[in-house]
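1. Sequence first, predicted coordinates after that:
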Amino acid sequence: MIACDPKVQSVQDAVDRIRIVRPWIEINPHFMRDLHLFHAILVSADAASLSKEQQLVLRNRSFPRLDFGANLVDGILQGAKTITMRLLSDVEDDHNSDLGSIFPYSLVAATSNSASLDGERETFAYLRIDQCDTTELEAIDATTLRKSGFESIDDVLSVLQQFYPTVTTTTPLLMLHFQLICVC
C-alpha cells in the first residue's frame, strides 16, 4: 500500500502493484486521475500545491467528515491549528464526524456550521491526517498544545469540560494531526 511504505511511491509503482495483485482489472483514466490526485495529496507540503483541477476533483468525491466548532475554523485555515483532540467515545458518539473511518494518510472533509445560517454542517476545507495518537491530557507537551490551539493543559481542560463534564487530565484523548490540503 502506498501510505504504509517508508517512502512514498510513484503512481506507476502503485499501478504496477495493482496489476500484479489483480491482473484482470483494467486501469481506466478516471482511476488514474484519482491515483494522481491522491499521490499529489500524499506528497503535498502545503495547501497551494494542488491544481485547480485536482481541487475540483476533491469536491466531487465523498470523504470522512471531521467536524470543528465555528471558533476553530480560522485557526485551521491559517495553518495555526494542526491538531485536534477528541474523546475516544467520540468515535461512536460524534454524529457530525466519521472518526471511525479516519486513519493516518486519510483525506477528510473538515466541516463546521460556521458558514451556514441554517445549522447545516458545511465543508470548509480538506485535510490530510498525518498521525493518529491516543494520549492522556497530562502527557501533552507545550508544542502539541499550541498546534491544537491552546496555551496550557488547563485551557484544554476547561474547553473539554464544557462538552464532557467528567474529563480529567488522565482521560485518554484521540489526537489527530492534520495538514490543510485545500480550502473550499
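-> Looks like it arrived, so ask away.

2. Give me the domain ranges for this protein.
-> 2-43, 65-183 (automatic domain parsing).

3. mean confidence for the longest one?
-> Across domain 65-183, pLDDT averages out at 90.

4. how far does it sit from the chain's center?
-> 9 Å (Cα atoms, centre = their mean, to the nearest Å).

5. first to last residue in that domain, what's the distance?
-> Domain 65-183 has an end-to-end distance of 15 Å (Cα to Cα, to the nearest Å).

6. Which stretches in this protein count as helices?
-> Ranges of helices in the chain, per DSSP state H, are 11-21, 29-43, 52-59, 73-77, 90-93, 142-147, 153-163.

7. I'd like those helices as a markdown table, with distance to Thr134 appended.
-> C-betas here are computed from N, CA, C, even on glycine. Formatted as a markdown table, the helices of the chain follow (distance: least, Cβ to Cβ, whole Å):
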| stretch | distance to Thr134 |
| --- | --- |
| helix 11-21 | 30 |
| helix 29-43 | 24 |
| helix 52-59 | 29 |
| helix 73-77 | 22 |
| helix 90-93 | 11 |
| helix 142-147 | 13 |
| helix 153-163 | 15 |
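
8. is it possible to export these to JSON lines including mean neighbour count and distance to Asp133?
-> Output for the helices of the chain, formatted as JSON lines (neighbours: other Cβ atoms under 10 Å; distance: least, Cβ to Cβ, whole Å):
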{"stretch": "helix 11-21", "mean neighbour count": "13", "distance to Asp133": "27"}
{"stretch": "helix 29-43", "mean neighbour count": "14", "distance to Asp133": "20"}
{"stretch": "helix 52-59", "mean neighbour count": "14", "distance to Asp133": "26"}
{"stretch": "helix 73-77", "mean neighbour count": "17", "distance to Asp133": "19"}
{"stretch": "helix 90-93", "mean neighbour count": "14", "distance to Asp133": "14"}
{"stretch": "helix 142-147", "mean neighbour count": "15", "distance to Asp133": "9"}
{"stretch": "helix 153-163", "mean neighbour count": "14", "distance to Asp133": "15"}
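
9. out of those helices, which comes closest to Ile129?
-> helix 29-43 (10.8 Å; Cβ to Cβ).

10. I'd like to know which elements the closest one is packed against.
-> helix 11-21, helix 52-59 (3 or more Cβ pairs under 8 Å, 6 or more residues apart in numbering; DSSP states H and E).

11. Worst mean pLDDT among these?
-> When I compare the helices and strands packed on helix 29-43, helix 52-59 is least confident, with a mean of 83.
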